[in-house]
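Colleague: sequence unknown, structure follows:
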């Protein structure tokens, strides 16, 4: 630790831009009559997704056994409970936490903008994200591209015909730093090809790109539907700009039994990967059973957006104190 270790990792000028961005976000949603909400950071449940690792802590009631709690990786579950209670359109600027995520573009604690719109469908929400990026970050209008078309255009792969072996061979051939004995499943190879080969190509377009209609096997919490070509896909989209993944959105799944099945499958996969199973959020499932209204929702990384706007190279440069200075 040096004598200057106490200093912020961002300049004061950048922190002023951060404050302005937060004010602009609030103005954007106030103009659309979307209500700002605030939900707990600590929860007795946690996401089961294998790609997320939650911070675990304990609440110690006086004279009683300590109870496990988890820091939120997203405010999603609590916000959906509000939607089921009749909140209407809502948004939140939330502090979220993800264990093991640290580096130039990752910080274990970061700021997420998340919003849910019963008033908008899947495509309407894509357009609203595009509007937000144009108005708040002065970015050009986004290019919208189906997931399968991105694989055809950039890798000449028909993902409806490609099997795991073909995806693996493509990755090993095209990604020079990938070890020859690397092992993952079908979706793992798809995700690797997207992040390593396709995303860099998207950055060359000079404008944001919205990739939509992901494979049904990557639905996460999105609905699965049959598109105009008769292919089963997930109603999910991701937003990329300036070489960064900025946002992930869904037409939300409203079937509590289907979500329970997905959570249980996630936990089985976690056990296979030597990760602890996570407690399923029964309150979320009860809320959905009671009646989550049809809605679309999206989470956007505000730190990454500011990184792009301020033309910085690392997240610590847009945070008051990066992880190593916290």
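Modeller: Right, received. Where do you want to start? Predicted model, so just to flag it, every value in this text is computed and none were measured.
Colleague: Residues contacting stretch 239-246, please?
Modeller: 105, 129, 133, 139, 142, 199-200, 202-203, 207-211, 238, 247-249, 300-301, 304-305, 307-308 (Cβ atoms under 8 Å, 6 or more residues apart in numbering). Where C-beta positions appear, they are placed from N, C-alpha and C, glycine not excepted.
Colleague: Start and end of that stretch, how far apart?
Modeller: Using Cα to Cα, to the nearest Å, one end of stretch 239-246 lies 5 Å from the other.
Colleague: all numbers from here: first residue = 581
Modeller: Okay, residue one is now 581; in that scheme the one you just asked about reads as stretch 819-826.
Colleague: Tell me the buried residues in it?
Modeller: By 16 or more other Cβ atoms under 10 Å, the buried positions in stretch 819-826 come out as 819, 820, 821, 822, 824, 825, 826.
Colleague: what about stretch 727-737, distance to the chain center?
Modeller: 22 Å (Cα atoms, centre = their mean, to the nearest Å).
Colleague: now do stretch 821-832
Modeller: Offset of stretch 821-832 from its chain centre (Cα atoms, centre = their mean): 7 Å.
Colleague: what does stretch 604-621 give?
Modeller: Its chain's C-alpha centre and that of stretch 604-621 lie 18 Å apart, by Cα atoms, centre = their mean.
Colleague: re earlier: so which of the contacts of stretch 819-826 sit within strands?
Modeller: If you go by DSSP state E, the contacts of stretch 819-826 have 789, 790, 791, 818, 827, 828, 829, 880, 881 in strands.
Colleague: re the thing from before, quick one: which of the buried residues of stretch 819-826 is nearest residue 857?
Modeller: Ranked by distance to residue 857 (Cβ to Cβ), those are led by residue 825 at 27.1 Å.
Colleague: helix, strand or coil for the closest one?
Modeller: strand (DSSP: H, G, I helix; E, B strand; the rest coil).
Colleague: and it, what are its bridge partners?
Modeller: residue 820 (DSSP bridges).
Colleague: just for this protein, where's the confidence low?
Modeller: 581-583 (pLDDT under 70).
Colleague: which helix is the longest one in it?
Modeller: In the chain, taking DSSP state H as the definition, the longest helix is helix 592-611.
Colleague: Okay, buried residues for that helix please.
Modeller: By 16+ other Cβ under 10 Å, the buried positions in helix 592-611 come out as 594, 597, 598, 601, 605, 608, 609.
Colleague: Quick one: the helices in the stretch 681-830 of the chain, in order.
Modeller: 702-717, 727-735, 744-754, 766-773, 779-782 (DSSP state H, counting those that start in this stretch).
Colleague: Format the ones you listed as TSV; extra columns: distance to residue 857.
Modeller: As requested, these are exported to TSV (distance: least, Cβ to Cβ, whole Å):
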stretch	distance to residue 857
helix 702-717	31
helix 727-735	29
helix 744-754	25
helix 766-773	19
helix 779-782	31
